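In: Please work out how this folds:
(chains A and B)
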Amino acid sequence: MTLLQAILISLLGYLTYIHVPFLGGGLIGWYCVGRPLVSAFFIGLILGDVTTAIQLGVYIQLIFIGLVTPGGSISPDMNLATYVALPIGVVTGLDAGATTALAITVASIANVMAAPNFAATMIPVNYQKKLVADGKLAAATKVPIWGNGVKFLFRFIPTFVSVYYGQVAIEWIVANSPQALIDVMTIFGNPMSLVGFAILMKLMIKSATDIIYFTVGFALFAALGADMVTVLVFGLALALIEFKVGRARKGA
Amino acid sequence: MAETKLTKKMIRKSFINWMMYNLSLYQPETMQAPALVKMFGDIREDLYPGDLKEQQELMARHLPFFNTEPFLGCIIPGIALGMEAERAAGGDVSTELITAIKSALMGPFAGIGDALLPGTFIPILLAIACGLSANGEVTGVFFYMAIFLGVMIPVTWFMFTKGCQLGASAAEMILGNDLKDDIINSLNIVGLTVVGCVAAAYARINISWTYVQDGVTLVDLGALINGVWPKLPVYLGALGTYYLVAKKNWSAMKVIGLYLIIAIVGYFAGFLAP
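Out: Next up is the predicted model:
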């Protein structure tokens, strides 16, 4: 990975972080370009290998598919995980299992930055309060623009350092580790997306019998080899029945 | 609608301000409030031309804590904008009422917004998109971007402008409607079916234990289990993980730790293969 590629990747990582306004706000940044699957496309463009990047991006996406970030809570750092593990995975030729294992490691270590990040953000916030109190209203209005520089420090620098120097470390580990370690990491990473699905199922399953819908989707693929759109059609049909029954029950 | 000073241009400017800056200075003390201050700061001359004291009070009363789901919840800044504009035009709107309405709505919209957007709509779209991109195709990426932005930009604009026009009654229209429960229940079914399919497609657990006698494989446990039902180990793994997360309240990190232990033990005991 060249210096320029590492800088571009770290910059995109910052722009698609949840708190950054400059890509049009969270709807376009965090929730669209910032999803690991979509990020993979852009990282692939920077690295010149879109296909590999998306193949690995799918697996990172699936771990975080159920990620909900309610206010104030500290969640696994999907953003840093994507922008560190994915480029390194593409450049050093890691398989899907090893890339997911790396993503999970980064996501959990990165949480140590959350509290200092919030503490540092208090500086521009308190300054904005002071400007309003002093009647310097035009200046107060501009604080949310430059104040975001705090988040830049907590995104760009860690991403850049990890991607640019981590690459060398991971290459060395891959070249020098015994086959057993690589095998264990792959076994460890292969079922990882189940954690993301479990978080999602916790949200969606209202009673134990709802598990049958999960099972139907599973069976359509595993036993019948149906594709995703076919499963979606069945899902919509089941949903329509539920919707009609629900309305009828309320006499609507 | 009562007499206000709102123009289409002011609404558009405020909408863009909110959509961009809602989390820009996010921190646990006042959360999204700095973005409201910016939103009102940029139209302070339109609301109170030349009146520095009123402008200052306007911005100061939006400094304290505000937090909701920023996108479906953008109806609340919309409502606040509508009420502030009515007040600026001399309408009978107290500042206490504006604060009270904001506080009353932010909780419910945080809950609904999180459940609907990152909890339902986004995962369903992503599950389909991952299927479309399984071999590295760009199809899924473009599908997700087009559908997500194509739906969400009009929806958030609708919520924001409805909030402006109708004030607090807009929230009642949405919160008081029992249709949304039926819609959420039905969407959950689509979500669960799609997630089941994605789990079968992507998660892998290879059981490798075999019993060999005189060079002949007598028992191949992996083949045996998959013969009962295809991908049965993954199905059981999915239900087991769901049980730990949902019923035992395990954190994701704890489950991942368990996966690591199982991977190490399973590999060296010869039960699991990459």
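In: low pLDDT regions in the stretch 151-252 of chain A?
Out: Counting by pLDDT under 70, the stretch 151-252 of chain A shows low-confidence ranges at A:252.
In: any chance you could map the helices in it?
Out: A:179-189, A:193-204, A:211-222, A:228-249 (DSSP state H, counting those that start in this stretch).
In: Of all these, which one is nearest B:Tyr144?
Out: Of all these, helix A:228-249 sits nearest to B:Tyr144, with 12.6 Å by CB to CB. Using the backbone N, CA and C atoms, a C-beta is placed for each residue, glycine as well.
In: residues in contact with the residue of the stretch 151-274 of chain B found nearest chain A?
Out: Residue nearest to chain A within the stretch 151-274 of chain B: B:Gly196 (2.7 Å; CB to the nearest CB). Going by CB atoms under 8 Å, 6 or more residues apart in numbering or on different chains, B:Gly196 touches A:213-221, A:231.
In: Quick check: it is in a helix.
Out: Yes: assessed with DSSP: H, G, I helix; E, B strand; the rest coil, B:Gly196 lies in a helix.
In: thinking again about what came up before, mean neighbour count, the helices of the stretch 151-252 of chain A: which tops it?
Out: helix A:193-204 (a mean of 25; mean count of other CB atoms under 10 Å in any protein chain shown).
In: Put the alpha carbons of it into CSV.
Out: Extracted in CSV, the C-alpha atoms of helix A:193-204 (Å, rounded to 0.1, in the frame of the first residue of the first chain):
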residue,chain,number,x,y,z
SER,A,193,-21.4,-13.2,11.3
LEU,A,194,-23.8,-15.3,13.6
VAL,A,195,-23.0,-12.8,16.4
GLY,A,196,-24.3,-9.9,14.2
PHE,A,197,-27.4,-12.0,13.2
ALA,A,198,-28.1,-12.8,16.9
ILE,A,199,-28.2,-9.1,17.8
LEU,A,200,-30.6,-8.5,15.0
MET,A,201,-32.7,-11.5,15.9
LYS,A,202,-32.9,-10.2,19.5
LEU,A,203,-34.5,-7.1,18.1
MET,A,204,-36.9,-8.8,15.7
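In: so what secondary structure elements neighbour it?
Out: Counting contacts by 3 or more CB pairs under 8 Å, 6 or more residues apart in numbering or on different chains; DSSP states H and E, helix A:193-204 is packed against helix A:50-63, helix B:179-202, helix B:232-242, helix B:252-268.
In: So for B:Phe40, which of those sits nearest?
Out: Taking CB to CB, helix B:179-202 is the member of these nearest to B:Phe40, at 29.6 Å.
In: Excluding covalently adjacent residues, which one is nearest to the most centrally placed residue in chain B?
Out: The centre of chain B sits closest to B:Pro118, judged by CA atoms, centre = their mean, with a distance of 2.6 Å. Excluding the flanking residues, the one nearest B:Pro118 by CB to CB, 6 or more residues apart in numbering or on different chains is A:Val68, at 4.5 Å.
In: Can you give me the neighbour number for the one you found?
Out: 18 (other CB atoms under 10 Å in any protein chain shown).
In: That one belongs to a helix?
Out: No: with three-state DSSP as the criterion, A:Val68 is located in coil rather than a helix.
In: looking at it, it is touching B:Gly111, isn't it?
Out: No: contact criterion CB atoms under 8 Å: A:Val68 and B:Gly111 do not qualify, at 11.0 Å.
In: what's the spacing between stretch A:180-188 and its chain's center?
Out: Put simply, stretch A:180-188 sits 23 Å off its chain's centre (CA atoms, centre = their mean, to the nearest Å).
In: next one: stretch A:41-53
Out: 17 Å.
In: quick one: average pLDDT of it?
Out: Mean per-residue pLDDT for stretch A:41-53: 98.
In: Checking it against chain B, do any of its residues make contact.
Out: Yes: applying CB under 8 Å from any CB of the partner chain, one finds that stretch A:41-53 is in contact with chain B at A:41, A:50-53.
In: can you tell me which of those residues lies nearest to B:Glu69?
Out: For these, the nearest to B:Glu69 is A:Phe41 (26.4 Å; CB to CB).
In: so that closest one sits in a helix?
Out: Yes: assignment of A:Phe41 by three-state DSSP places it within a helix.
In: what sits against it?
Out: Contacts of A:Phe41 by CB under 8 Å, 6+ apart are A:50, A:53-54, A:57, B:138, B:141.
In: relative to helix B:179-202, how tilted is the helix or strand of chain B with the lowest mean pLDDT?
Out: The helix or strand of chain B with the poorest confidence is helix B:168-175; it has a mean of 74 (mean pLDDT, DSSP states H and E). Helix B:168-175 runs at 50 degrees relative to helix B:179-202, counting by axes from the mean of the first three to the mean of the last three CA atoms, to 10 degrees.
In: Going by neighbour count, list what's buried in helix B:168-175.
Out: B:168, B:170-171, B:174 (16 or more other CB atoms under 10 Å in any protein chain shown).
In: Show me chain B divided up by domain.
Out: Split into domains by automatic domain parsing, chain B comes to B:8-193, B:203-273.
In: for these, which one ends up most surrounded?
Out: domain B:8-193 (a mean of 20).
In: so how far is that domain off the chain centroid?
Out: 12 Å.
In: Straight-line length of that domain, end to end?
Out: Terminal residues of domain B:8-193 lie 43 Å apart, using CA to CA, to the nearest Å.
In: With just CA atoms, put stretch B:210-223 into CSV.
Out: The C-alpha coordinates for stretch B:210-223 follow below in CSV (Å, rounded to 0.1, in the frame of the first residue of the first chain):
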residue,chain,number,x,y,z
THR,B,210,-13.9,-39.0,11.3
TYR,B,211,-13.5,-42.5,12.6
VAL,B,212,-11.1,-44.4,10.4
GLN,B,213,-10.3,-48.1,10.8
ASP,B,214,-7.8,-50.0,8.6
GLY,B,215,-7.8,-47.0,6.1
VAL,B,216,-11.5,-47.1,5.7
THR,B,217,-13.6,-44.1,6.9
LEU,B,218,-16.4,-45.6,9.0
VAL,B,219,-17.9,-42.5,10.4
ASP,B,220,-17.6,-39.0,8.9
LEU,B,221,-19.5,-36.9,11.5
GLY,B,222,-19.6,-33.8,9.3
ALA,B,223,-21.2,-35.6,6.4
